[in-house]
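Peer 1: kindly return the folded structure for what I paste below:
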Amino acid sequence: MKWYDKTGNGHDVVISSRIRLARNLDEFPFTTKLDNASSKKVADKVVEALKENLNKNLKVTEMNSLSQNKNVLVEDHVISPDFTTETSLERVLVTDEEENLSIMINEEDHVRIQAIFSGFELDMAYEEACRADDALSKSLSLAFDDTLGYLTACPTNLGTGLRASVMLHLPAMCAYGYIKSLSALMTKIGLTVRGIYGEGSDAEACMYQLSNQVTLGISETDAIEKLKNAVNQIVAKERELRSQMVKDPSISLQDKLWRSYGTLKYARKLDTTEAARLISNVRLGVVCGIINECKDVNLVKLLFEIMPYHIADKFPDAISPEKRDIYRASFIREQLS
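Peer 2: Next comes the predicted model:
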């Protein structure tokens, strides 16, 4: 199973909640100064501490053993794009059975703990990340300063080392032109709005990530509470705008949503961008009670499974973009039938 196989709290607007903690071992330099032998020592120590202290069935994967599967993990938000790059360092991924917990060893920091859950479940994600953090602390000495907090390779993570983020589906706010003003407002209160895959990525399918910017001079719980308060307001606004859209007496919205459903159900070739946009429209139709034909289909799961590397992984002979577009359309028709 994967984290998106389930639907969590507030799933009509909130796709996922994620907590990431950056940690380093104080006996080793940051990864930019590590050689292969030292990075292997870091990996061995971290894996041993997790196995010894974390009461979970863990899967340990050496990243050099993976090929394009690395990019499937990126599309699933299990690892960062940086973790797939070629390096002389020993990079290891530790995950639990459902990939709610993933721990990247020797990325930008020695350890990146990530907990991700479907829906609005920041508290659950935080508890999961803290359990892994505690497991490390029981056996290892982490780089910490009484004034600065946790020491990290990038100064922007100093302090708590925490990044809390929530992925939101905001088709109504997109339609009414609220995203630009939302982004400006969030920046003023120390939060940032990014695309579906974080910094520098596009907002495909009206999906946006909202996360904290400040890690120094604020506690972990305060940072999470600020994010939760902002998300609650955004969710309320998105639902209000959706109600306005549905009450519109014109037929244009229903036509747009039903056309999207029809295209997904019968198209023979779809690229990622078009397919994601259409799935976004159909999902809006389902949660608003307009389209009931696919109300039992997990459209969030479908959205991730039609990404390029997922399609290439499912269909090994999809070696060209055109082939992937054909297989993508076929896969979507199968899921909707």
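Peer 1: from now on I want contacts and neighbour counts done on CA atoms only, so please keep to that.
Peer 2: OK.
Peer 1: OK, contacts around the nearest residue to residue 118 once chain neighbours are set aside?
Peer 2: Excluding the flanking residues, the one nearest residue 118 by CA to CA, 6 or more residues apart in numbering is residue 16, at 4.3 Å. Counting by CA atoms under 8 Å, 6 or more residues apart in numbering, residue 16 touches 8, 116, 117, 118, 119, 120, 121, 166, 167, 168.
Peer 1: which residues of this protein fall in strands?
Peer 2: 14-23, 59-62, 92-95, 101-105, 111-118, 144-145, 149-150, 162-169, 191-194, 207-212 (DSSP state E).
Peer 1: just give me how far the first one sits from the chain centre.
Peer 2: Strand 14-23 sits 7 Å away from the centroid of its parent chain (CA atoms, centre = their mean, to the nearest Å).
Peer 1: okay, residue 337: pLDDT?
Peer 2: The pLDDT attached to residue 337 in the predicted structure is 89.
Peer 1: please disregard the earlier target; I meant residue 260.
Peer 2: pLDDT, residue 260: 98.
Peer 1: what's the answer for residue 305, then?
Peer 2: 97.
Peer 1: who's in contact with the residue lying closest to it once chain neighbours are set aside?
Peer 2: Residue nearest to residue 305 in three dimensions, not counting chain neighbours: residue 311, with 7.0 Å by CA to CA, 6+ apart. Applying CA under 8 Å, 6+ apart to residue 311 gives the contacts 305, 318, 324, 327, 328.
Peer 1: kindly report the same for residue 14.
Peer 2: Per CA under 8 Å, 6+ apart, neighbours of residue 14: 118, 119, 120, 166, 167, 168, 169, 235.
Peer 1: from residue 265, how far out is the closest residue to residue 113 other than its chain neighbours?
Peer 2: Nearest non-adjacent residue to residue 113, counting by CA to CA, 6+ apart: residue 103, 4.5 Å away. Counting by CA to CA, to the nearest Å, the gap from residue 103 to residue 265 is 38 Å.
Peer 1: and if you look at residue 181?
Peer 2: 35 Å.
Peer 1: could you do residue 66 as well?
Peer 2: 34 Å.
Peer 1: for residue 112, what are its contacts?
Peer 2: Per CA under 8 Å, 6+ apart, neighbours of residue 112: 20, 21, 22, 23, 103, 104, 105.
Peer 1: coming back round to it: who has more neighbours, residue 103 and residue 265?
Peer 2: Neighbours per residue (other CA atoms under 10 Å) separate residue 103 from residue 265, with residue 103 holding more: 28 against 17.
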